[in-house]
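Asker: here is a sequence with its predicted model. Questions after.
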Amino acid sequence: MKVAIFVALTLVVLTSGSQTGLRHFKGYQVISALATTREQLDALRVLYFINDYDFWTSPNGLGATDIMAAPELIPQLVQLLTEKGIEFAIKFDDVEKLVEDERIANAKASIGRIDWTSYQPYDSIVQFLTTINSNIATVSVIGQTTEGRDIHVVKFSSGGPPKKSILIDSNIHAREWIAGATGTWIINELLTNSANYTAILQEVDIYVIPMINADGYEYTWTSDRMWRKTRSVNAGSSCMGCDPNRNFPFQWAGESTSSDPCTDIYHGSAPLTEPETQAIDRFVRESEAAGVEFYAYASLHSYSNLWLIPWGYTTGMYPPDFPSLLSLGQDAVAALQAVSGTIYQAGQGADILYGADGTSYDWAKNHGIKYSCTIEMRGNSFVLPPEQIIPNALEVWAALKVLIQRVIETVPVEEDPTPVETVTTCGGDIEASSAAINFQLDTDIPPGQSCVWIVKPNFESTRVRLVSSGLLAGSGIYFTELNTYSGTPGEQVQIANIGQDYTIRGNFFLVTLTVTVGANKGFSLEWYSSGLAGGAPSFSGFASLTTPTGSYSYPVGGGEYGNSENALFIINPALAGLMMKRAFTALTLPRQGTRTLDVENDSTCSYDAVSVLSWQNNQYTQITRFCGTSLPAPFNLPTGLAFVTFKSDSSVTGTGFTFTWA
Ligand code: 0X9
Ligand code: ZN
């Protein structure tokens, strides 16, 4: 009896906030607000940037957003939601209880003896790492946090020269405790069941950084359970910390992050201001300098049950190999679900969650790490009951094993020794690992002529070489990468010098020949793809429009267009014959029969959009982009060569559009 009382008293001391300076959440609520219109979403975004509330999830697309509000701010939040007609539900009516329950559960568990039935403070994690003694694991320190805590990496390798490598990190965000617990669980799994991983470790090296934001994490234990950022000091502000997942140097400081140090999405005064983000950046670069090639990067976060794929900085933008990343994500979440039925969704980060600039996974992808992802693990809050640590780890590990397997299967391919296909026509659709374009080698090409070839190489890196050319100055051949998901042109290279190698990355190119004045003759060029498999680009609609005047309607045959469409229509009348072409005078979108312009409307056309890109000054320039139901005024396509792209997002459709040219 006495013993029981003693235990109870100890618990009170351990869990009493006032004794330890812990932030209280008495009366704090988490309100889940459902934006069903763009106007409602905009109202939530205004709140998001004001910083009165702690947005546990950010408002971006339509759907639910979790907002934590202090008791005194709840009435005005409720009033605003009601005024805007935003449906809401109280998800947690007392955050204090949520946090307190977790503290009690953890206090019962044996701090210091890490067994994944409780969460562990930083020191306990370090203790676990320092006891590692294994011939497949090496622990090293990759940097120190602002407050001087070591950031560790554990390398798993069967030895020998560097193998294809996978990097997993945890707890970029302090309050996402399940991340660090999963990171250490993975380390323990690889150590204690090493026999199961012998074959894997013959093929790859695995690096795990189990705790990046150690200062923030420690702070969540000692002071504020809902702390997200680092603990750096911001000059000129009393607010501390930077969101490390907005501090990476790709798309840094865009519109979905904040320059206010007091917000939870503060991007820092410059990219990589934080020692924690520097540590990752430096670790990757130094490893690469030592011969390591990272094929995958997985950043563990919580919550929402999502497998996020780049790009995350904005909706509708996709890396060229997005199809292969998406198919991996879908396979990974299927394997995850098979473990105990937990349902995850895989998709582009901004499309399925919200836009976030300067994130680690976008940075990693842009740096060249093929399979880069962010995993938002289980739960409906940052407080996941400790008895779910192991079930969560088991399913996430199943997903990560799919990732590892994909890396094992991902083998760079060498170039073909000679082109496997030869094309001699003005324009064409060339889907091959290599090809030669031999166009009018000995015959004149009339001034004004243009040709567009669609090139789909099967591998991600394409080397182009001009073998011979009779083109005069002013005429040119250009390889323009075109992103099949966003319909936007990427990198463009002019192939001008005979014998020079030009290397360009992507899965889909428009190859454009423009001939201006004089007696041009044709050319011969070859291109070879190599490296990693590209992932087949696909269009939901495609047309090559070569008549001097015409009209084209989409969807062909009427009805509504679908969700997630990406269509491409090339307007190049010169394809019809080798004659001087009339310049376009107008491209209009008239009503045709019962069809009007009808594309989901929003002020920036970021959901569904028709874009027109005209070839001028030797590049494809977007000259208009529209949505809604108001027809744009007619416009000129000065060179007579253009393309129209159409894309739709994952909800709301319309009856499409018609355009004419003359
Ligand atoms: O906002 C973040 O940094 C991540 N979510 S979290 O709740 N763990 O903070 C998500 C970043 C992933 N990318 C995109 N959402 N685009
Ligand atoms: Zn996070």
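Answerer: All right, it came through fine. Numbering: from 1, shown residues only. Ligands and ions are numbered 1, 2, ... in the order given.

Asker: which strand or helix spans V99?
Answerer: helix 95-108 (DSSP states H and E).

Asker: mind listing what's buried along that helix?
Answerer: 95-96, 98-100, 102-103, 105-107 (16 or more other CB atoms under 10 Å). C-beta here means a position set from N, CA and C on the backbone, and glycine is covered the same way.

Asker: next secondary structure after that helix?
Answerer: Using DSSP H and E, the first helix or strand after helix 95-108 is helix 122-130.

Asker: in that next one, what counts as buried?
Answerer: Within helix 122-130, the residues that count as buried by 16+ other CB under 10 Å are 122, 124-126, 128-129.

Asker: show me what from this protein comes close to ligand 2.
Answerer: Residues of the chain found near ligand 2 (CB under 5 Å from the ion) are 173, 176, 301.

Asker: just the buried members of these?
Answerer: Those of the residues of the chain next to ligand 2 that meet the buried threshold are 173, 176, 301, by 16+ other CB under 10 Å.

Asker: save those as JSON lines, and put in secondary structure too.
Answerer: Compiled in JSON lines, these are given as follows (DSSP: H, G, I helix; E, B strand; the rest coil):
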{"residue": "H173", "secondary structure": "coil"}
{"residue": "E176", "secondary structure": "coil"}
{"residue": "H301", "secondary structure": "strand"}
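
Asker: by residue count, tell me the biggest strand in this protein.
Answerer: strand 520-533 (DSSP state E).

Asker: now for the following helix or strand past that strand, which elements pack on it?
Answerer: Next helix or strand after strand 520-533 toward the C-terminus (DSSP H and E): strand 541-545. Strand 541-545 sits against strand 550-554, strand 566-571, with contacts defined as 3 or more CB pairs under 8 Å, 6 or more residues apart in numbering; DSSP states H and E.

Asker: repeat that for 6 Å
Answerer: Contact partners of strand 541-545 among helices and strands, from 3 or more CB pairs under 6 Å, 6 or more residues apart in numbering; DSSP states H and E: strand 566-571.

Asker: what's the strand it packs on in contact with?
Answerer: 452, 484-485, 539-545, 642-647, 661 (CB atoms under 6 Å, 6 or more residues apart in numbering).

Asker: now the closest residue to D602 other than its chain neighbours: how far from ligand 2?
Answerer: Sequence neighbours aside, R38 is the residue nearest to D602 in space, at 5.3 Å (criterion: CB to CB, 6 or more residues apart in numbering). Look at R38 and ligand 2: by CB to the ion, to the nearest Å, they are 26 Å apart.

Asker: can you check W185 too?
Answerer: The gap separating W185 from ligand 2 is 18 Å, by CB to the ion.

Asker: doesn't that residue fall inside a strand?
Answerer: No. The assignment for W185, made by three-state DSSP, is helix rather than a strand.

Asker: neighbours of it, how many?
Answerer: As a burial measure, W185 scores 23 neighbours (other CB atoms under 10 Å).

Asker: element containing the residue nearest to it when sequence neighbours are not counted, please.
Answerer: Once flanking residues are discounted, W185 sits nearest to A393: 3.9 Å by CB to CB, 6+ apart. Using DSSP H and E, A393 sits within helix 389-409.

Asker: what's next to that helix, contact-wise?
Answerer: In this structure, residues lying in contact with helix 389-409 by CB under 6 Å, 6+ apart are 116, 164, 166, 178, 181-182, 185, 200, 203-204, 295-296, 328, 331-332, 335-336, 339-340, 342, 377-378.

Asker: and the helix holding V99, what other elements does it pack with?
Answerer: helix 2-15.

Asker: could you pull up the mean pLDDT of the helix it packs on?
Answerer: Averaging pLDDT along helix 2-15 gives 37.

Asker: gap between the one helix or strand R465 maps to and the chain center?
Answerer: In the assignment (DSSP H and E), R465 maps to strand 459-469. Here strand 459-469 is found 29 Å from its chain centre; the criterion is CA atoms, centre = their mean, to the nearest Å.

Asker: next, the angle from that strand to strand 520-533.
Answerer: Interaxial angle of strand 459-469 relative to strand 520-533 (axes from the mean of the first three to the mean of the last three CA atoms, to 10 degrees): 160 degrees.

Asker: in strand 459-469, what's buried?
Answerer: Across strand 459-469, burial judged by 16+ other CB under 10 Å covers 459-466, 469.
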